[in-house]
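**Q** Coordinates only, no sequence provided:
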Ligand SMILES: O=C(O)CCC(=O)C(=O)O
Ligand SMILES: [Fe+2]
């Protein structure tokens with residue numbers, strides 16, 4: 001029994017993939033990607049001593065793109081390499097060993113290995129699958145960590161993830177401050193509205209095995225992240241795509257950069273000033289792609305809505321106020337928000 005893992009069913013006769021992975025034509029990356037052009041989303045130098053400039057750049061990129069790359073962020077490349085090494089090693093373990101960390105089927109939490117996320121229906125009632133397996137671990141704050149879902153093998157999994165979380169913490173503090181100042185708020189406002197020190201960092205590992213028909217399948221389907229903000233490092237295999245003016249483009253890979261996605265909760269809190277970004281991932285014929293997004297999320301019972309400071313008569317609230325848990329439930333079950 002057990003849940004089918006893509007990495008288990010992926011090896012099939014040369015050049016074919018099971019039907020459940022074949023996307024309808026309006027989604028197939030072979031047809032819908034603008035080929036031969038890589039999208040240059042803004043690249044922002046986090047070490048720039050001119051804070052006013054940094055505030056403007058972050059605000060502009062968050063409003064007009066919803067996706068950008070941060071360089072010179074002070075997370076040592078060694079910490080990123082270690083995070084990537086232990087995650088890669090975990091996915092290379094024998095299947096039975098990985099299943100010891102499987103997300104329990106009856107669990108409401110995302111945590112664990114192999115989680116299925118969206119109910120993906122297209123072409124009537126046919127369920128389509130993404131060419132990807134996952135691992136989810138909460139890595140911050142220390143009080144919310146469930147070590148039962150943290151692999152014991154490789155032995156340095158825990159140390160590498162804890163180290164990364166500590167470095168990430170500094171980036172998050174700075175980014176939230178810049179995002180607040182960029183809309184004329186006090187520096188602490190977005191952090192406070194996001195749950196303050198209870199803000200959760202949920203690490204996901206996306207493992208995309210080689211796919212014989214990358215023109216027909218998708219890794220993660222088109223979506224916006226439910227998070228407040230997502231901070232991601234991929235390996236060096238191309239795969240992230242962003243939608244711009246209704247068309248799909250590959251996003252340039254920059255070694256060691258942090259890819260920032262504005263998520264739905266930030267769009268809501270900013271009352272639409274910052275935009276969550278529509279994105280998806282493609283897969284590769286020969287290579288395994290892996291990515292490590294960290295979703296910054298409020299606790300499930302935390303209430304999120306447009307900040308009162310950003311709402312007035314000319315700018316009435318554009319979004320409903322509700323708990324994050326309710327938002328996630330509606331989105332995963334495709335209930336209109
Ligand atoms: O793999 C990537 O680069 C992006 C993955 C993603 O969008 C997600 O997991 O939400
Ligand atoms: Fe995403």
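**A** Cool, got the structure. These figures come from a predicted structure and were not determined experimentally. Numbers count the residues shown, from 1 in each chain. Ligands and ions are numbered 1, 2, ... in the order given.
**Q** What values do phi and psi take at residue 246?
**A** Reported as degrees, to the nearest 10, the phi and psi values for residue 246 are phi 80, psi 10.
**Q** what's in contact with stretch 62-82?
**A** Defining contact as C-beta atoms under 8 Å, 6 or more residues apart in numbering, one finds that stretch 62-82 is touched by 41-47, 58, 61, 156, 159-160, 163-164, 167-168, 170-171, 175, 179, 182, 233, 242, 251-252, 254, 256-262, 266, 273-277, 279. Backbone N, C-alpha and C define where each C-beta goes, glycine included.
**Q** Within range of ligand 1, give me the residues from the stretch 151-300 of the chain.
**A** Within the stretch 151-300 of the chain, the positions near ligand 1 by C-beta under 6 Å from any ligand atom are 204, 206, 220, 225, 232, 234, 239, 240, 279, 281, 291, 293.
**Q** Just these: which are in strands?
**A** Members of these lying in strands (criterion: DSSP state E): 204, 206, 232, 234, 240, 279, 281, 291, 293.
**Q** count of residues packed around the closest residue to the second one other than its chain neighbours?
**A** So that's residue 206. Excluding the flanking residues, the one nearest residue 206 by C-beta to C-beta, 6 or more residues apart in numbering is residue 291, at 4.6 Å. Number of residues near residue 291 (other C-beta atoms under 10 Å) recorded here: 23.
**Q** Which strand residues bridge residue 291?
**A** Judged by DSSP bridges, the bridge partners of residue 291 are residue 206, residue 234.
**Q** Per-residue pLDDT of it, please?
**A** As predicted, residue 291 sits at a pLDDT of 98.
**Q** got the contact list for it?
**A** 205, 206, 208, 232, 233, 234, 235, 239, 240, 281.
**Q** I'd like those as TSV, with distance to residue 101 appended.
**A** Supplementary listing: these in TSV, determined by distance: C-beta to C-beta, whole Å:
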residue	distance to residue 101
205	11
206	16
208	19
232	21
233	21
234	22
235	21
239	24
240	26
281	23
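**Q** Which one of these sits in the busiest neighbourhood?
**A** With neighbours taken as other C-beta under 10 Å, the top of these is residue 208, carrying 30 neighbours.
**Q** if I look at the residue lying closest to residue 286 once chain neighbours are set aside, how far off is residue 287?
**A** Spatially, and ignoring its direct neighbours in sequence, residue 286 is nearest to residue 210 (5.5 Å; C-beta to C-beta, 6+ apart). Distance, residue 210 to residue 287, by C-beta to C-beta, to the nearest Å: 6 Å.
**Q** how about the nearest residue to residue 236 once chain neighbours are set aside, what does it touch?
**A** Nearest residue to residue 236 in three dimensions, chain neighbours excluded: residue 253, at 6.2 Å (C-beta to C-beta, 6+ apart). Residues in contact with residue 253 (C-beta under 8 Å, 6+ apart) are 234, 236, 238, 240.
**Q** and which of the residues you listed is nearest to ligand 1?
**A** If you rank the contacts of residue 253 by distance to ligand 1 using C-beta to the nearest ligand atom, residue 240 comes first, at 3.8 Å.
**Q** what are the bridge partners for the closest one, then?
**A** Following DSSP bridges, residue 240 is listed with bridge partners residue 281.
**Q** Could you tell me the model confidence score at it?
**A** You'll see residue 240 listed with a pLDDT of 98.
**Q** Quick check: it touching residue 234?
**A** Yes: between residue 240 and residue 234 there is a contact under C-beta atoms under 8 Å: 6.4 Å.
**Q** So for these two, which residues contact both of them?
**A** 253, 259, 291.
**Q** just these now: which is nearest ligand 1?
**A** Checking the shared contacts of residue 240 and residue 234 against ligand 1 by C-beta to the nearest ligand atom gives residue 291 as the nearest, at 3.3 Å.
**Q** any idea how far that closest one lies from residue 212?
**A** 21 Å.
**Q** What of residue 268?
**A** As defined by C-beta to C-beta, residue 268 lies at a distance of 40 Å from residue 212.
**Q** Of the two, which one has the most company?
**A** Counted by other C-beta under 10 Å, residue 268 and residue 212 do not tie: residue 268 has more neighbours, with 25 against 18.
**Q** Please confirm that the more buried one is located within a strand.
**A** No: if the criterion is DSSP: H, G, I helix; E, B strand; the rest coil, then residue 268 is helix and not within a strand.
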